[in-house]
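sequence below, structure please.
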Amino acid sequence: MNKTIAVIAAAAAVITFGTANAAPLPEAKPDDVGFSSQGLARLDNFFAREIAAKRVPGAVVAVARDGKLVHYKAYGMLDPDKGTPMPVDAIFALASMTKPMAAVAGLTLMEQGRLPLQAKLSNYYPGFADMKVGVTEANGSLKLEPQATPIFIHDLYRHTSGLMYGGRPDSSSPVARQYPDGTAPAIEGDTQAFIDRITKLPLAHQPSTEFEYGFSIDVLGAVVEKVSEQKLGDYLAANVWQPLGMKDATFHPTDAQRPRLARPFAKDPLTGKPQAIKLLDTPTKFDCGGACSFATVGDYIRFGQMLLNGGELDGQRILGPKTVHHMTTNHLGPEIKNNVANVEPHRAGFGFGLSVAVRTSEGLSSVPGNPGEFTWNGAYGTQFFCDPKERLVVVVGTAAPGELRKYYREQVQDIVYGAMTK
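Presented below is the predicted three-dimensional model:
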């Protein structure tokens, strides 16, 4: 045990950037941008404790303020079975952190006048027009009603389409049992097969009435493919990933990338039950915009910094600042039921923008931050948040697909804000 802690501490104490691992942003001393070095060292201590207790194999954490990297470290193991140390350029299965990138792809088309928010989804895939809304009767049976209003592209970005994921613990809807889980369609068939499958199901709610987390952004990715006449990954590579220098971002890891994939414990440390990240070893048949991409923490902090900068990084403009502002503003009006905190327990006080949760008020949330903070996470243990008021972007990668991932999200945010001195 002591040996493990020593190894972890040694790994955490030294960051060496070779040419292959150049820092993803310019570096600064913590004290120069309002952070305490001792405060940030609590991240090292926290992950040393968690790794020694065998609760998580390893992690990579990046913290940037004012566009400068103040913390960029790898902890623990990349692959717990092989005992491979975690490199800073480990590649993580991003799960739902794919969504903000797919949304940015959609917004680039919006800026070109090719994909307005008020376009009907059925303009692109007609099958959505005929979907019925499942209403639970008093006896528990499901009555199917027509849509009161159509599903708009806007509903996809903000999860108000009535589409959902199967098997989610945060949904009480009996419709959920009919839906597949998040990555099943991408493993089983192509984009058109996914659309055909999903349009045969009932909607969980009338469009534009309730935030229900689900396949909305996967469908948005399919619309991006239809409009751009490219696969989503090819469109993202040309318009987001390559311009931003996100060199490992992909939907399909190459043989050269595979040895850097971060892997979880075979058993969930909380329950002892088997766990896996299926996409690490199962190729997808279409580029699912809701869950199927991979990237390094360094790649994603460049993406977050681009958003924080109002759509530009290192002279490469991806979106206009007004578009980014619109994306990162709350789009759940008072007429829409807000279930964001059901998906993420510490997201009380948050609404939802165009694919990101947006903090709307002081207090309420269990983590510090400011109104205007925008954020989202991935079910396999990744997180990112941007706080425009503090000019802060934080990205964390772990391979922790169980409930423990929510604990890390909360703890990291507490430690980062606790380390600020101004």
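
quick check: mean pLDDT across the strand ranked longest in the chain?
Longest strand in the chain, counting residues (DSSP state E): strand 68-79. Mean per-residue pLDDT for strand 68-79: 98.

can you name every helix or strand that the helix or strand that comes right after that strand contacts?
Scanning forward in sequence from strand 68-79 by DSSP states H and E, the next helix or strand is strand 84-85. Contact analysis of strand 84-85 by 3 or more Cβ pairs under 8 Å, 6 or more residues apart in numbering; DSSP states H and E lists strand 68-79 as its packing neighbours. For every residue, glycine as well, the C-beta is placed using N, CA and C.

that older thread, which elements pack onto the longest strand of the chain?
Using 3+ Cβ pairs under 8 Å, 6+ apart: strand 68-79 touches helix 2-13, helix 37-52, strand 58-65, strand 84-85, helix 297-308.

ok, 6 Å please
Counting contacts by 3 or more Cβ pairs under 6 Å, 6 or more residues apart in numbering; DSSP states H and E, strand 68-79 is packed against helix 2-13, helix 37-52, strand 58-65.

which of the ones you listed has the lowest mean pLDDT?
helix 2-13 (a mean of 49).

in stretch 197-216, which residues are buried?
197-199, 201-216 (16 or more other Cβ atoms under 10 Å).

same check on stretch 379-393?
Buried residues in stretch 379-393, defined by neighbour count with 16+ other Cβ under 10 Å: 379-388, 390-393.

can you add secondary structure and distance to residue 292 and give those residues back as CSV?
CSV is the format used below for the buried residues of stretch 379-393 (DSSP: H, G, I helix; E, B strand; the rest coil; distance: Cβ to Cβ, whole Å):
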residue, secondary structure, distance to residue 292
379, coil, 12
380, coil, 11
381, coil, 16
382, strand, 13
383, strand, 18
384, strand, 17
385, strand, 22
386, strand, 23
387, strand, 28
388, coil, 29
390, coil, 31
391, coil, 31
392, strand, 28
393, strand, 23
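
from these, which single one is nearest residue 411?
residue 383 (10.6 Å; Cβ to Cβ).

can you name the residues bridging to the closest one?
residue 377, residue 396 (DSSP bridges).

that one contacts residue 376, correct?
No. Judged on Cβ atoms under 6 Å, residue 383 makes no contact with residue 376 at a distance of 7.9 Å.

distance from the host helix or strand of residue 394 to the middle of the chain?
Using DSSP H and E, residue 394 sits within strand 392-398. With Cα atoms, centre = their mean, to the nearest Å as the basis, strand 392-398 stands 11 Å off its chain's centre.

following it in sequence, what is the next regular element?
Counting by DSSP H and E, what follows strand 392-398 is helix 404-418.

ok, back up a step: the buried residues of stretch 197-216 in helices, which ones?
Those of those mapping onto helices are 197, 198, 199, 216, per DSSP state H.

could you look up the SS state of the residue nearest to the third one when sequence neighbours are not counted?
Counting by Cβ to Cβ, 6 or more residues apart in numbering, residue 199 lies nearest to residue 127, which is 3.5 Å off, once chain neighbours are set aside. Reducing the assignment at residue 127 to three states with DSSP: H, G, I helix; E, B strand; the rest coil gives helix.

surely residue 127 touches residue 200?
No. With contact defined as Cβ under 6 Å, residue 127 does not reach residue 200; the gap is 8.1 Å.

how far away is the nearest residue to residue 275 once chain neighbours are set aside from residue 403?
Once flanking residues are discounted, residue 275 sits nearest to residue 268: 4.5 Å by Cβ to Cβ, 6+ apart. Distance from residue 268 to residue 403, counting by Cβ to Cβ, to the nearest Å: 8 Å.

those two: which has the busier surroundings?
residue 268 (17 against 12; other Cβ atoms under 10 Å).

tell me the spacing between that one and residue 81.
Residue 268 is 15 Å from residue 81, by Cβ to Cβ.

same check on residue 346?
In terms of Cβ to Cβ, residue 346 sits 31 Å off from residue 81.

residue 114 too?
46 Å.

those two: who's more crowded?
Ranked by neighbour count (other Cβ under 10 Å), residue 114 and residue 81 place residue 114 first, with 13 against 10.

tell me if I'm right that that one and residue 228 touch.
No. Residue 114 is beyond contact range of residue 228, at 8.1 Å (criterion: Cβ under 6 Å).

closest to the centroid, which residue in this structure?
Most central in the chain under Cα atoms, centre = their mean is residue 97, positioned 1.6 Å from the mean C-alpha point.

am I right that that residue is in a helix?
Yes. Assigned with three-state DSSP, residue 97 falls within a helix.

on that earlier part again, ok, the residue nearest to residue 199 - how many residues close by?
Residue 127, neighbours per other Cβ under 10 Å, totals 13.

likewise residue 346?
Neighbours of residue 346 (other Cβ under 10 Å): 17.

ok, now how distant is it from residue 397?
For residue 346, the distance to residue 397 - Cβ to Cβ - is 19 Å.

touching, residue 299 and residue 245? I think so.
No. Look at residue 299 against residue 245 with Cβ under 6 Å: they stay out of range, at 8.1 Å.
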